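Undergrad: Take a look and give me a structure for this.
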Amino acid sequence: MLSSACWHFCQTIIRERSAINPTVPSHTPPTHWLNQIREILLYGCWLTITLLSLTPGQAVSISIWDKLQHLGAYGALMLLAGGNTPRSLLYRGLALIVFSGVMELLQGLAPGRSPSLLDLVANSLGVICGGSAWGCWLYWRHRRRR
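TA: Just a heads-up that it's a prediction; the model follows:
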């Protein structure tokens with residue numbers, strides 16, 4: 001069930017290429033090769049985070065390095081998820097924070113792992129940092145086109 005929800009989430013992210021505009025034809029233009037690479041990296045990053053989150057292991061002590069790894073992983077995931085409008089960026093960020101919370105809860109089911117509120121905070125900060133960076137890029141791209 002969780003796997004299908006995550007698959008649906010990734011499919012939604014990939015399908016939404018631009019804001020809906022009724023004047024644009026319904027067919028989708030060919031995907032740029034950089035977007036295809038971004039999609040592959042998105043799937044890879046999502047799969048890696050899921051596997052690392054749910055792999056049985058030893059409890060990790062609280063350290064700044066551990067939290068920076070969480071921040072970096074979810075920041076990269078947010079950058080790859082991107083978005084073409086501020087609204088889609090916000091929705092994707094919220095979805096990734098929910099995904100992060102689900103992963104933390106599911107860690108309680110893995111042997112030798114336990115959920116951590118500090119990990120959830122680090123993950124959320126990573127999503128916020130990645131979303132902020134992507135938002136700045138969207139703003140710059142919009143200003144450049146004027």
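
Undergrad: Could you list the buried residues of the helix or strand that A122 is a member of?
TA: If you go by DSSP states H and E, A122 is part of helix 117-145. For helix 117-145, burial by neighbour count (16 or more other C-beta atoms under 10 Å) applies to 119-120, 122-124, 126-131, 134, 138. The C-beta positions use only the backbone N, C-alpha and C, and glycine is treated the same way.

Undergrad: what's the offset of that helix from the middle of its chain?
TA: 10 Å (C-alpha atoms, centre = their mean, to the nearest Å).

Undergrad: Show me what it is packed up against.
TA: helix 64-81, helix 86-106 (3 or more C-beta pairs under 8 Å, 6 or more residues apart in numbering; DSSP states H and E).

Undergrad: hmm, 10 Å instead?
TA: Secondary-structure packing of helix 117-145 (3 or more C-beta pairs under 10 Å, 6 or more residues apart in numbering; DSSP states H and E): helix 33-54, helix 64-81, helix 86-106.

Undergrad: residues contacting I40?
TA: Residues in contact with I40 (C-beta atoms under 10 Å, 6 or more residues apart in numbering) are L80.

Undergrad: which residue packs closest to L79, ignoring adjacent ones?
TA: Closest residue in space to L79, ignoring its immediate chain neighbours: G130 at 4.5 Å, by C-beta to C-beta, 6 or more residues apart in numbering.

Undergrad: same question, M103
TA: Nearest residue to M103, sequence neighbours excluded (C-beta to C-beta, 6+ apart): S53, at 4.2 Å.

Undergrad: Quick check: that neighbour touching Q69?
TA: No - at 11.6 Å, S53 does not count as touching Q69 under the criterion of C-beta atoms under 10 Å.

Undergrad: got any residues that touch both of these two?
TA: In contact with both S53 and Q69: D119, using C-beta under 10 Å, 6+ apart.

Undergrad: When the two are compared, which one has more neighbours?
TA: Neighbour totals were compared for S53 and Q69, and S53 leads with 20 against 16 (other C-beta atoms under 10 Å).
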